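Asks: The following block contains a protein sequence and its predicted model.
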Amino acid sequence: MELNNKIPQATAKRLPLYYRFLNNLHIQGKTRVSSKELSEAVKVDSATIRRDFSYFGALGRKGYGYNVEYLLEFFRKTLNQDTVSNVALIGVGNLGTAFLHYNFSKSNNTKIIRAYDANPDVIGTEVGHVLIEDINQLEETLANIDVAILTVPGSAAQSVTDKLVKAGVKGILNFTPARITVPTEVRVHHIDLTVELQSLIYFVEHYPMDKK
Ligand SMILES: NC(=O)c1ccc[n+]([C@@H]2O[C@H](COP(=O)([O-])OP(=O)(O)OC[C@H]3O[C@@H](n4cnc5c(N)ncnc54)[C@H](O)[C@@H]3O)[C@@H](O)[C@H]2O)c1
């Protein structure tokens, strides 16, 4: 079951959130869940959940809810939960070191298996059981990895990106403030904590949440 191209990107982004919660319910032995329960747990309003789920052909019945197993099976296949996605990390400084120690331990299917840096003091050491390799060797050593996390200084972001693209990487999770340029076939997701924080501050100020 492939992720239908007609599923809006905003919906696709919520899938991992739904998956995590449904998996917890499944572990607890629950077989049905209402959109209200889901909504409270994942903090997405129930109208959005119902619309999202209608894209997957999962139509909950009033007072009956959604079938947890059906949804889990759908998400597992759509999110490729049956295959392991190997990830590379570039830049083992403050942020990169934290990611390597964390290494997505709550997910069985996402793992940083290679890490690179430019600092000779760091190259050859291990962080979180991952060997730090020389960035200048990236193109020769990075095989069969589609996705990379970028945690280098902004000034190094483009040159490292060029190496990743040459090595065949298809997706980059960019934590640097730099806006990097990539060919059209490569997808970049920017995670800018400053922008996120400023946006939160703006919403807290201008759109306070309603009290229950
Ligand atoms: N630390 C944070 O909380 C934080 C938060 C949000 C965003 N960021 C951004 O994430 C990036 C990393 O931040 P940090 O605090 O970990 O920085 P850092 O200086 O601690 O680490 C950067 C690492 O990248 C390595 N590096 C430099 N040039 C390289 C190159 N050409 N190839 C490979 N490795 C190279 C350095 O040797 C260093 O180990 C920065 O762009 C920063 O703006 C950091």
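Replies: Yes, it's here. If you're wondering where the values come from, they're calculated on a predicted model, not measured in any experiment.

Asks: Can you show me the helices along this structure?
Replies: 9-27, 35-42, 46-55, 68-78, 94-102, 138-141, 154-166, 193-206 (DSSP state H).

Asks: Any idea how many residues pack against residue 38?
Replies: 25 (other Cβ atoms under 10 Å). (Glycine included, C-beta is placed from N, CA and C.)

Asks: what's the pLDDT at it?
Replies: pLDDT, residue 38: 87.

Asks: about what we covered before: make TSV out of the helices of the chain and add distance to the ligand.
Replies: Formatted as TSV, these follow (distance: least, Cβ to the nearest ligand atom, whole Å):
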stretch	distance to the ligand
helix 9-27	20
helix 35-42	25
helix 46-55	28
helix 68-78	29
helix 94-102	4
helix 138-141	8
helix 154-166	4
helix 193-206	4
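
Asks: nearest to residue 148, of the ones you listed?
Replies: helix 154-166 (5.2 Å; Cβ to Cβ).

Asks: tell me which residues in stretch 71-84 are buried?
Replies: 71-72, 74-76, 78-79, 81 (16 or more other Cβ atoms under 10 Å).

Asks: gap between that stretch and the chain center?
Replies: 14 Å (Cα atoms, centre = their mean, to the nearest Å).

Asks: okay, how far is it across stretch 187-196, tip to tip?
Replies: From its first residue to its last, stretch 187-196 covers 20 Å (Cα to Cα, to the nearest Å).

Asks: quick one: contacts of that stretch?
Replies: Residues outside stretch 187-196 that contact it (Cβ atoms under 8 Å, 6 or more residues apart in numbering): 170-175, 177, 179-180, 182.

Asks: Would you reformat the residues you listed as a markdown table and include distance to the ligand and neighbour count?
Replies: Formatted as a markdown table, those follow (distance: Cβ to the nearest ligand atom, whole Å; neighbours: other Cβ atoms under 10 Å):
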| residue | distance to the ligand | neighbour count |
| --- | --- | --- |
| 170 | 20 | 14 |
| 171 | 17 | 16 |
| 172 | 13 | 24 |
| 173 | 11 | 17 |
| 174 | 9 | 22 |
| 175 | 4 | 21 |
| 177 | 5 | 13 |
| 179 | 12 | 12 |
| 180 | 11 | 20 |
| 182 | 17 | 18 |
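
Asks: Of all pairs in these, which one is the farthest apart?
Replies: 170 and 177 (22.7 Å).

Asks: can I get the helices of the chain in JSON lines with distance to residue 119?
Replies: Listed next are those as JSON lines, based on distance: least, Cβ to Cβ, whole Å:
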{"stretch": "helix 9-27", "distance to residue 119": "33"}
{"stretch": "helix 35-42", "distance to residue 119": "40"}
{"stretch": "helix 46-55", "distance to residue 119": "44"}
{"stretch": "helix 68-78", "distance to residue 119": "39"}
{"stretch": "helix 94-102", "distance to residue 119": "11"}
{"stretch": "helix 138-141", "distance to residue 119": "14"}
{"stretch": "helix 154-166", "distance to residue 119": "11"}
{"stretch": "helix 193-206", "distance to residue 119": "23"}
